[in-house]
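K.L.:
From the sequence below, what's the structure:
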Amino acid sequence: MDIRTDIKELMDKCIGCGKCRKVCPSLKHGGCDPMDVLMGGDRWQGCIGCGRCSEVCRYTDPKKVMMYNTAVRTPMPIPDCYKEEGYNLPSGEYPYGAPDYRDSDIALMPGCIVNASERFLENASVKALGTIGIDVRRFDEGCCVYPVPYRIMTDGERDKIKKEMLQGYDRIINLCNGCCRELVDSGADAEHIIHTLHRHIDQLPKGGLEGMKVVIQPGCSMVTIIDLYKDVCRRLGAEVMDVEPGCCGKGTKVRESIMTERQKSMEGADAVIVGCPACFMWYDKWEGGIPVMYIAEAVAICAGDRRSMECHRIPLMIGDSE
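P.N.:
Residues are numbered from 1 along each chain as shown. Next up, the predicted model:
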């Protein structure tokens, strides 16, 4: 395999300290080995893209190397739907009508997964933002080019696409933290919705989730801001259980092992609260698993809008309704 020059330079910076191995959730379950890949090896399968390796590395960027390897070693071309409609996945339909978008300087970017299969999370997010007095319009420029297929491009090529997308958008609220970081890296005024909700926490409905025990699984890239999720959930009346956050495994070969571990660690919870649409999708697909809510859904429910609950694969009991 011919390795692109910028990736080869990152690999050459590896000093072999092994810190990336110690924090990799995939390796623990028999998956990828980030240091092996940095050293020119081929243990890349099972990379979750969580970025824990890059968080602890002082010398290079293992996550970028891992995502590049995943892109070039597997048949994962840029999908036709991106060429046709700008998204990494084919667009789905709103299950109960489009959200109440307004003419606003603030745009809501749903991300590819929400746009494809979880569009009710978009509805709930618009409702949640409305409870704190924030009207939004929709960000309609498509995918942020974060997903693996776009890693065959250089950073410069991806940055050019993002900057063209951002024209005409002053401020953006994201439902996906991967999208958020991509836009911020290209100079956008963007933030994940949890930051917006937490900044206006005193305006959120007080109560509504009383009697519920919840576990916070914000998503791999948001573990460091888990306290924001805890604050919002407590404001909504939920009891937050003390459970260590971890990865959902996404759609990788280690997903079953990782999700089995997650589900066992969360026993006794009424619901798991997430901030990542991919996490939402995988938790909601886990047969017999703990019900899941995206953080904006929890706010929307407490504001009286429970429609998104009808779209879940795993039913969630809230008060006297299901």
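
K.L.:
Let me see the contact set for the residue sitting nearest the centre point of the chain.
P.N.:
Geometric centre of the chain, nearest residue: residue 276, 3.0 Å, by C-alpha atoms, centre = their mean. By C-beta atoms under 8 Å, 6 or more residues apart in numbering, the contact set of residue 276 is 176, 177, 218, 219, 220, 221, 222, 248. (Glycine included, C-beta is placed from N, CA and C.)

K.L.:
What separation do you get for the fifth one and residue 119?
P.N.:
Read it as residue 220. Counting by C-beta to C-beta, to the nearest Å, the gap between residue 220 and residue 119 amounts to 24 Å.

K.L.:
before we move on, what about the fourth one?
P.N.:
Residue 219 is 19 Å from residue 119, where distance means C-beta to C-beta.

K.L.:
With the first one instead?
P.N.:
Using C-beta to C-beta, we find residue 176 at a distance of 14 Å from residue 119.

K.L.:
pLDDT score assigned to residue 276?
P.N.:
For residue 276, the pLDDT comes out at 97.

K.L.:
got the phi/psi numbers for it?
P.N.:
Per-residue torsions, residue 276: phi -120, psi 120 (degrees, to the nearest 10).

K.L.:
what's next to stretch 103-114, contact-wise?
P.N.:
Outside stretch 103-114, the residues that touch it by C-beta under 8 Å, 6+ apart are 87-89, 101, 119, 121-122, 125-126, 129, 134-139, 143-144, 147, 169-176, 178-179, 183, 190, 277-278, 281.

K.L.:
What's the end-to-end length of it?
P.N.:
With C-alpha to C-alpha, to the nearest Å as the measure, stretch 103-114 spans 21 Å from end to end.

K.L.:
which residue packs closest to residue 30, ignoring adjacent ones?
P.N.:
Among residues not flanking residue 30 along the chain, residue 254 sits closest, at 6.5 Å (C-beta to C-beta, 6 or more residues apart in numbering).

K.L.:
got a list of what that neighbour touches?
P.N.:
Contact analysis of residue 254 by C-beta under 8 Å, 6+ apart lists 25, 26, 29, 30, 31, 46, 48.

K.L.:
The last one and residue 28 touch, don't they?
P.N.:
No. With contacts defined as C-beta atoms under 8 Å, residue 48 does not count as touching residue 28, sitting 11.0 Å away.

K.L.:
And those two? Which one has more around it.
P.N.:
Comparing residue 48 with residue 28 by other C-beta atoms under 10 Å, the one with more neighbours is residue 48, at 25 against 16.

K.L.:
Check the secondary structure at that one for me.
P.N.:
coil (DSSP: H, G, I helix; E, B strand; the rest coil).

K.L.:
for the contacts of residue 254, which one is nearest residue 73?
P.N.:
Proximity of the contacts of residue 254 to residue 73 (C-beta to C-beta) peaks at residue 46, which lies at 12.2 Å.

K.L.:
show me where the stretch 51-200 of the chain has strands.
P.N.:
Secondary structure of the stretch 51-200 of the chain (DSSP state E, counting those that start in this stretch): strands located at 106-109, 137-138, 171-174, 189-192.

K.L.:
Pull up the pairing partners for the last one, direction included.
P.N.:
So that's strand 189-192. Using DSSP bridges, the strands paired with strand 189-192 are strand 171-174 (parallel).

K.L.:
Distance from the partner strand to the middle of the chain?
P.N.:
Put simply, strand 171-174 sits 14 Å off its chain's centre (C-alpha atoms, centre = their mean, to the nearest Å).

K.L.:
for stretch 178-194, same thing?
P.N.:
Offset of stretch 178-194 from its chain centre (C-alpha atoms, centre = their mean): 12 Å.

K.L.:
Please identify the buried residues of that stretch?
P.N.:
178-183, 186, 188, 190-194 (16 or more other C-beta atoms under 10 Å).

K.L.:
repeat for stretch 212-219
P.N.:
212, 214, 215, 216, 217, 218, 219.

K.L.:
From residue 7, how far off is residue 72?
P.N.:
Counting by C-beta to C-beta, the gap from residue 72 to residue 7 is 9 Å.

K.L.:
What of residue 289?
P.N.:
Here residue 289 is placed at a distance of 37 Å from residue 7 (C-beta to C-beta).

K.L.:
Who are the contact partners of the residue nearest to residue 85 when sequence neighbours are not counted?
P.N.:
Take residue 85 and drop its neighbours on the chain: the residue closest to it by C-beta to C-beta, 6+ apart is residue 91, 6.0 Å away. Residue 91 is in contact with 81, 85, 115, 116, counting by C-beta under 8 Å, 6+ apart.

K.L.:
now swap in residue 122 and tell me
P.N.:
Taking C-beta under 8 Å, 6+ apart as the test, what residue 122 contacts is 94, 99, 108, 110, 114, 115, 175.

K.L.:
burial count for the residue nearest to it when sequence neighbours are not counted?
P.N.:
Closest residue in space to residue 122, ignoring its immediate chain neighbours: residue 110 at 4.7 Å, by C-beta to C-beta, 6+ apart. Counted by other C-beta under 10 Å, the residues lying close to residue 110 total 24.
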